[in-house]
Each structure stands twice: as C-alpha cells, then as structure tokens.
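Engineer: Attaching a predicted model along with its sequence, questions to come.
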Amino acid sequence: MDYLVKYGDVKHIVPTTKLTLDALPFTAKVPEYFPFNERHDAFKTSGINYFKREGKIESDLRLDNRSDPNERIEMIFGNFPHKDYDLSKNKNIDNKTKGYYTETENYSTIYFVDQGIYYRIDYVNKEKLHKERKEELEKIFNSLTEYQKVLNYKY
C-alpha cells in the first residue's frame, strides 16, 4: 500500500519502503537498531531518483520517532557519492569499510561506502550531546543488514 503525503497544497503518493527497495538494482542495507522505540515497517521513502544520462540511482529512508518529533534517522544511498560526501576524508571505520563522521548542532552524520553503495546516515536529536549522538550513530551503523532480513512483511 502506498502512502498519500501532503506538502502544502500538493499531494504526493509515496511508495512503500519494501517496494522501493525491491526495485533498486542493488541491495541496500537498513539498521536493525535505532535509539527509539519504533517498528521497522515505519520507515518511509520518497522513492527512487534515477539520473538516466549518468546511470546514477539513489533512494532514501526516514524513520521518525513518533513520540519525539525532534528525533529521527535519515538515510540516503545510491551507486554514487551523495553531493556532500567528501571522499578525501575517508578512513577505515571498521575492518572493511571506509567513511567518516561529521557533526552539526542538531545531528550527527556518517558517510561510508559498502560494496559499491554510498551511504549517508543522519541521526537527528537536538537534546543529546555530540558524543551521545555519535555513539548512537555507531550502533546504527554496526546494526546495518540487508533490508530483506528486516523488512520481510507481506502486502
């Protein structure tokens, strides 16, 4: 089932997350862990962006904490680096993955590449300190697994 989302006067039909991930020509990973109590099927997506001329494909996921509107996880992933991804900052963040962390006042971000797929994951929480947000982001990163293992519900 698709979702009807209204932004101002414009209504958009947003496809279900699993349907979108199934349509990608690569297997994306999603976290099994997140720092708030929410179900995996609550992930939302805006769909797939396909840049035909360059052969580039990207998609996104967003998981809001319904109990706290100031807390959420946002992911962007594709077969090319996100425009904010500075490849020169890459270093080993574990035994097989190159990437880096960044911080802003309200969120922490990790950029990394895994099996040719580039990821950007933001953990947004205004109340937590930078150190706490980075620790949560590390847990999110370490829990990434193929989406089929997490989003295995039927339509």
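Structural biologist: All right, it came through fine.

Engineer: going forward, measure contacts and count neighbours with C-alpha atoms only.
Structural biologist: OK.

Engineer: Give me the most central residue, this structure.
Structural biologist: residue 75 (1.7 Å; C-alpha atoms, centre = their mean).

Engineer: That one sits in which helix or strand?
Structural biologist: strand 71-78 (DSSP states H and E).

Engineer: And for the helix or strand following that strand, what's in contact with it?
Structural biologist: Next helix or strand after strand 71-78 toward the C-terminus (DSSP H and E): strand 91-92. By C-alpha atoms under 8 Å, 6 or more residues apart in numbering, the list of residues contacting strand 91-92 from outside reads 98, 99, 100.

Engineer: Give me the contacts around stretch 76-83.
Structural biologist: Under C-alpha under 8 Å, 6+ apart, the answer for stretch 76-83 is 28, 56-61, 116-121.

Engineer: Averaged pLDDT, it. What do you get?
Structural biologist: Averaged across stretch 76-83, pLDDT comes to 92.

Engineer: can you list the weak-confidence ranges in the chain?
Structural biologist: 1-15, 151-155 (pLDDT under 70).

Engineer: Could you double-check that residue 58 lies in contact with residue 48?
Structural biologist: Yes - the criterion here is C-alpha atoms under 8 Å, and residue 58 meets it with residue 48 at 5.9 Å.

Engineer: Can you name every helix or strand that the longest helix seen in the chain contacts?
Structural biologist: Identified as the longest helix of the chain according to DSSP state H is helix 130-142. Counting contacts by 3 or more C-alpha pairs under 8 Å, 6 or more residues apart in numbering; DSSP states H and E, helix 130-142 packs against strand 29-31, strand 107-114, strand 117-125.

Engineer: And those: which comes nearest residue 93?
Structural biologist: strand 107-114 (8.5 Å; C-alpha to C-alpha).

Engineer: ok, back up a step: centre of the chain to the strand holding residue 75, how far?
Structural biologist: 3 Å (C-alpha atoms, centre = their mean, to the nearest Å).

Engineer: go on, stretch 75-84?
Structural biologist: For stretch 75-84 - counting by C-alpha atoms, centre = their mean - the centre lies 10 Å from the chain centre.

Engineer: Good, we can wrap up now.
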